[in-house]
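Student: Need coordinates for the following:
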Amino acid sequence: MAAKSIISRPVYGTLSPQPGKHHLFVADAEGALAVAEMAERTPPGFFDGAEIVFIPGPDGKHAAALEALKPAQFHQAPSFASLQPRLRQTLANAHMGLRLYLSGTEGLIGQAMQAALEAGIDHTSIQTEHRGSLARRMQCVHCKGITENVTTQPATCAHCGLLLLVRDHYSRRIAAFQGVCINAEDRSEIPPTEEIFR
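Tutor: This is a model prediction of the structure:
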């Protein structure tokens, strides 16, 4: 019998070119490879009206591959936080028919999807493809703080310091997995930490 999937878990696909006049790509690290692979299946001139926003990973790779696509606009940002004002403005000024392509880590996809939906972008105009790290963006259910790039189970909340069980439950509203105190009954009970989300 197959294991049941978690209903709240996002489901990712594979980027594919869609008809439209304006195409906005938001990618981080390995997500650039998904855009480059999709470009191999696009008609000539597809990127003439496209904008690519890229957050390189720690190794700084893949920017050249995206620039080689010769998009109308190419912007590089050091982090999603620094990109947010530009992304929100672009989405707020978007015309009907915008196609949004999100690729890379779950943290990037979730936060960009959240911004798009808040801007009124129809979910059917958004494509996603997960690439790269499985590190999670986690919200502590106790202090509501967000800890980025969680790779271990359990994980320590970066805000209140509680030791948290990183649940598979994903909140689309805050674009994060939920973390619950793992040793609430007895704080001296500290289970071994394992790197699970790579």
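Student: Please make it C-alpha for all contacts and neighbour counts, starting now.
Tutor: Fine.
Student: and the nearest residue to Val166 once chain neighbours are set aside, what pLDDT?
Tutor: Spatially, and ignoring its direct neighbours in sequence, Val166 is nearest to Gly179 (4.5 Å; CA to CA, 6 or more residues apart in numbering). Note for Gly179: predicted pLDDT of 97.
Student: shouldn't Gly179 be in contact with Gly145?
Tutor: No: taking contacts as CA atoms under 8 Å, Gly179 lies outside contact range of Gly145: 10.0 Å.
Student: Quick check: neighbours shared by these two?
Tutor: Counting by CA atoms under 8 Å, 6 or more residues apart in numbering, the residues touching both Gly179 and Gly145 are Gln139.
Student: Who has more neighbours out of those two?
Tutor: Gly179 (30 against 15; other CA atoms under 10 Å).
Student: mind checking how far that one is from Ala50?
Tutor: 37 Å (CA to CA, to the nearest Å).
Student: for Glu106, same thing?
Tutor: Taking CA to CA, one finds Glu106 at 23 Å from Ala50.
Student: How about Tyr12?
Tutor: According to CA to CA, Tyr12 stands 22 Å off from Ala50.
Student: secondary structure element for the nearest residue to His123 once chain neighbours are set aside?
Tutor: Spatial nearest neighbour of His123, chain neighbours left out: Leu117 (7.0 Å); criterion: CA to CA, 6+ apart. Using DSSP states H and E, Leu117 sits within helix 106-118.
Student: looking just at contacts, which helices and strands does that helix meet?
Tutor: strand 23-28, helix 80-92, strand 99-104, strand 126-130, strand 136-140 (3 or more CA pairs under 8 Å, 6 or more residues apart in numbering; DSSP states H and E).
Student: okay if I get those as CSV plus mean pLDDT and distance to Ala112?
Tutor: Rendered in CSV, the data for the helices and strands packed on helix 106-118 read as follows (pLDDT from 0 to 100; distance: least, CA to CA, whole Å):
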stretch, mean pLDDT, distance to Ala112
strand 23-28, 97, 8
helix 80-92, 94, 8
strand 99-104, 97, 7
strand 126-130, 96, 10
strand 136-140, 96, 13
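Student: Strands along this protein, start to end?
Tutor: Per DSSP state E, the chain carries strands over the ranges 23-28, 50-55, 73-76, 99-104, 126-130, 136-140, 146-150, 152-153, 155-156, 163-171, 176-181, 194-195.
Student: May I see the ones you listed arranged in TSV, with distance to Ala34 as well?
Tutor: Formatted as TSV, the strands of the chain follow (distance: least, CA to CA, whole Å):
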stretch	distance to Ala34
strand 23-28	9
strand 50-55	12
strand 73-76	16
strand 99-104	7
strand 126-130	7
strand 136-140	20
strand 146-150	21
strand 152-153	26
strand 155-156	30
strand 163-171	23
strand 176-181	22
strand 194-195	26
